[in-house]
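Chemist: below: sequence and its predicted model.
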Amino acid sequence: MPLTGIASQAIAVSLSFINNDSSSDRLKEWLRTEAARLGPGQRLPSTRWLIQTHRVSPLTVSRALAELGREGIVVSRPGAGTFVAQPRAGRRGDPGDYSWQTVALAERVIDAEGLSPLADPPHADGVISLATGYLHSSLMPLAALRSALARAVRLPDAWERPPAAGLHELRSWFAQQAGYGDADAQDVLITSGGQGALSAAFRALVPAGAPLLVESPTYPGALAAARAAGIRPVPVPTDRDGVIPEHLAEAFARTGAQALFCQPAYHNPTGAVLAAGRRPAVLGAAAAAGAFVIEDDFARWLPHHQRPPAPLLADDDDGRVVYLTSLTKVASPSLRVGALITRGPVAQRLHALRAVDDMFVSRPLQETTLELVSRPMWDRHLKDLSRALSRRAEVLFHAVNRHLPAADAVLPAGGMHLWVRLPRHLDDVEVAAAARRGGVIVMAGRPFYPAEAPEPHLRLAFSGAATEAELDTAVRRLAAAAPELTHPAPARP
């Protein structure tokens, strides 16, 4: 007797649940084995990797991790990943059932997978990280930081509430560094680092559900911040001279976007500098669309051989550029101090958003920053860091050419990263996973693209290694983990 449509649907649903249960059970067993192999405190593979490798749905991964969490085998840390849980001493009873949260949280996802290698602390046990987005401690101005902090906390008003926009002297310093002049310090808003400034700028300028034009590839933190705010990143192609103006104008016209996010100096991840001839065209395309340009000048203090290019802000006459920068990259991960520079009504909106988000940046931290950058030792640090990063970039570049002849790298003029193109037949996520197993952490290129990646890449950071020799060791490990990269590839068309 033929089945009715309703009966067919019921059987299909039942089979789906059976398949999902089977996939979840297999994944849980694999995760239990992997957790036992890695040991307490070690990071498990990302959700994205589990989905791709085990060919399961996001719901299956979420269910498996939730059940292992209830069993006390794994622990999730928002924004960092999933880790093998530490043994619990004297535990009474079973852990609580948090499954209700899956329903309450609904479908919205905060995807920070691409950020975890940037924020994770250095790994022990001989693992070398070429993924961190910060300086190794040997490159930080530690003595200057200690002295600045000691002086700052002795100031009579160090623990008083600061102005909401930040200390006037610090705002003046950021304005001067951007080529803006002391007279425009009132246009500067002190922020808690660059990531907070970036998130605030997105939310102030782009409504939820609206498009935001971004360079492709671009910084994963920008993509994460946009998507967390419900904003749709739309890719605009780039080359070795930065964003391509013709494609930018076309994207503005096609999407109706009201903002572009870009990194004109020492772009992350490519290291590109926006060509001088393209600067007027980029600002012109934004002007024609009646749109803002969000300029992330994160690498202002990270040139290798010469002065960094002037920011787009210097060419802006009508308040089109919303400029942000930070001292975190050049000083210490814990010096979470940056600045937003804007003019006109958008400045008022950003000031209001600051009041809603966090009121103001800690005064002791601002005073410490001011003490740091106003002393002669700061200029010496910048010169020493420039030379050190230049040497490291060359060491890593030559190591890639020597040990990975199938890869194609470009030596940047500034910044902290080498952007390495892989042969088209390789999967960069798989190469990164193999490298991790081989004792070196690298970032696959895929998270840097807001849509499909045209070619596989790796981003290798040279700022976080302990020594220059360690950079060469890391590339040797990468070569051993991905032997396909050790054979010269045929010339590309």
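Modeler: Thanks, I have it.
Chemist: quick check: the closest residue to Pro333 other than its chain neighbours vs Leu65, distance?
Modeler: Nearest residue to Pro333, sequence neighbours excluded (Cβ to Cβ, 6 or more residues apart in numbering): Tyr134, at 4.5 Å. Using the backbone N, CA and C atoms, a C-beta is placed for each residue, glycine as well. Per Cβ to Cβ, to the nearest Å, Tyr134 is found 28 Å from Leu65.
Chemist: what's the following helix or strand after the helix or strand of the chain with the lowest mean pLDDT?
Modeler: When the helices and strands of the chain are scored by mean pLDDT, DSSP states H and E, helix 116-119 comes last with a mean of 54. Next helix or strand after helix 116-119 toward the C-terminus (DSSP states H and E): strand 128-129.
Chemist: mind checking what helix or strand follows that next one in sequence?
Modeler: helix 142-153.
Chemist: what about that next one, distance to the chain center?
Modeler: 28 Å (Cα atoms, centre = their mean, to the nearest Å).
Chemist: so what touches that helix?
Modeler: 158, 331-332, 335, 364, 367-372, 375, 377-378, 381 (Cβ atoms under 8 Å, 6 or more residues apart in numbering).
Chemist: specify which member of those is nearest to Val75.
Modeler: Using Cβ to Cβ, Ser332 comes nearest to Val75 of the contacts of helix 142-153, at 27.6 Å.
Chemist: buried ones in the host helix or strand of Ala288?
Modeler: In the assignment (DSSP H and E), Ala288 maps to helix 279-289. By neighbour count with 16 or more other Cβ atoms under 10 Å, helix 279-289 contains the buried residues Arg279, Ala281, Val282, Leu283, Ala285, Ala286, Ala289.
Chemist: for the stretch 151-300 of the chain, which spans come out with low pLDDT?
Modeler: The model of the stretch 151-300 of the chain has pLDDT under 70 over residues 180-183.
Chemist: all helices of it, in order?
Modeler: Applying DSSP state H, counting those that start in this stretch to the stretch 151-300 of the chain gives helices spanning 168-177, 193-205, 220-228, 245-255, 279-289.
Chemist: chain center to the second one: distance?
Modeler: Looking back up the chat, that one is helix 193-205. With Cα atoms, centre = their mean, you get 13 Å for helix 193-205.
Chemist: also the first one?
Modeler: Centre-to-centre, helix 168-177 and its host chain are 26 Å apart (Cα atoms, centre = their mean).
Chemist: packing partners of it?
Modeler: Other elements packing on helix 168-177 under the criterion 3 or more Cβ pairs under 8 Å, 6 or more residues apart in numbering; DSSP states H and E are strand 188-191, strand 338-341, helix 363-373.
Chemist: dump the ones you listed to TSV, plus distance to His487 and mean neighbour count.
Modeler: Output for those, formatted as TSV (distance: least, Cβ to Cβ, whole Å; neighbours: other Cβ atoms under 10 Å):
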stretch	distance to His487	mean neighbour count
strand 188-191	47	26
strand 338-341	44	27
helix 363-373	48	22
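Chemist: next, format the helices of the stretch 151-300 of the chain as CSV and append distance to Arg392.
Modeler: CSV is the format used below for the helices of the stretch 151-300 of the chain (distance: least, Cβ to Cβ, whole Å):
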stretch, distance to Arg392
helix 168-177, 24
helix 193-205, 22
helix 220-228, 22
helix 245-255, 33
helix 279-289, 29
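Chemist: for Arg43, find the nearest of the ones you listed.
Modeler: helix 220-228 (16.9 Å).
Chemist: hey, C-alpha coordinates of that closest one in PDB?
Modeler: Written as PDB, here are the backbone C-alpha positions of helix 220-228 (Å, rounded to 0.1, in the frame of the first residue of the first chain):
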ATOM      1  CA  PRO A 220      39.300  38.300  10.100                       C
ATOM      2  CA  GLY A 221      38.600  40.400  13.200                       C
ATOM      3  CA  ALA A 222      36.900  42.900  10.900                       C
ATOM      4  CA  LEU A 223      34.700  40.200   9.400                       C
ATOM      5  CA  ALA A 224      33.900  38.800  12.800                       C
ATOM      6  CA  ALA A 225      32.900  42.300  14.100                       C
ATOM      7  CA  ALA A 226      30.700  43.000  11.100                       C
ATOM      8  CA  ARG A 227      28.900  39.700  11.200                       C
ATOM      9  CA  ALA A 228      28.400  39.900  15.000                       C
END
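Chemist: point out the other helices and strands that that helix packs with.
Modeler: helix 193-205, strand 211-216, strand 232-239.
Chemist: which residues touch Phe202?
Modeler: So Phe202 contacts Leu212, Ala222, Ala225, Ala226, Ala229, Ile231, Ala259, Phe261, Ile294 (Cβ under 8 Å, 6+ apart).
Chemist: Leu44 now?
Modeler: Applying Cβ under 8 Å, 6+ apart, the residues contacting Leu44 are Leu31, Glu34, Ala35, Leu38, Val74, Gly81, Thr82, Phe83, Val84.
Chemist: can I get the residues you listed in a markdown table including distance to Asp315?
Modeler: Formatted as a markdown table, the contacts of Leu44 follow (distance: Cβ to Cβ, whole Å):
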| residue | distance to Asp315 |
| --- | --- |
| Leu31 | 53 |
| Glu34 | 52 |
| Ala35 | 54 |
| Leu38 | 51 |
| Val74 | 51 |
| Gly81 | 41 |
| Thr82 | 45 |
| Phe83 | 46 |
| Val84 | 51 |
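Chemist: please check these and keep the buried ones.
Modeler: For the contacts of Leu44, buried by 16+ other Cβ under 10 Å: Leu31, Ala35, Val74, Gly81, Thr82, Phe83, Val84.
Chemist: confidence score at the third one?
Modeler: So the one you mean is Val74. At Val74, the predicted lDDT confidence score is 88.
Chemist: was I right to think it contacts Ala36?
Modeler: No - with contact defined as Cβ atoms under 8 Å, Val74 does not count as touching Ala36 (11.4 Å).
Chemist: rewinding a little: just the contacts of helix 142-153 now: which is nearest Val429?
Modeler: Nearest member of these to Val429, counting by Cβ to Cβ, is Ser332, at 30.8 Å.
Chemist: hang on, the earlier thing: quick one: the contacts of Leu44 as CSV, columns for secondary structure and distance to Ser192 too.
Modeler: As requested, the contacts of Leu44 are exported to CSV (DSSP: H, G, I helix; E, B strand; the rest coil; distance: Cβ to Cβ, whole Å):
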residue, secondary structure, distance to Ser192
Leu31, helix, 35
Glu34, helix, 36
Ala35, helix, 35
Leu38, helix, 33
Val74, strand, 30
Gly81, strand, 23
Thr82, strand, 27
Phe83, strand, 26
Val84, strand, 31
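Chemist: thanks again, I'm all set now.
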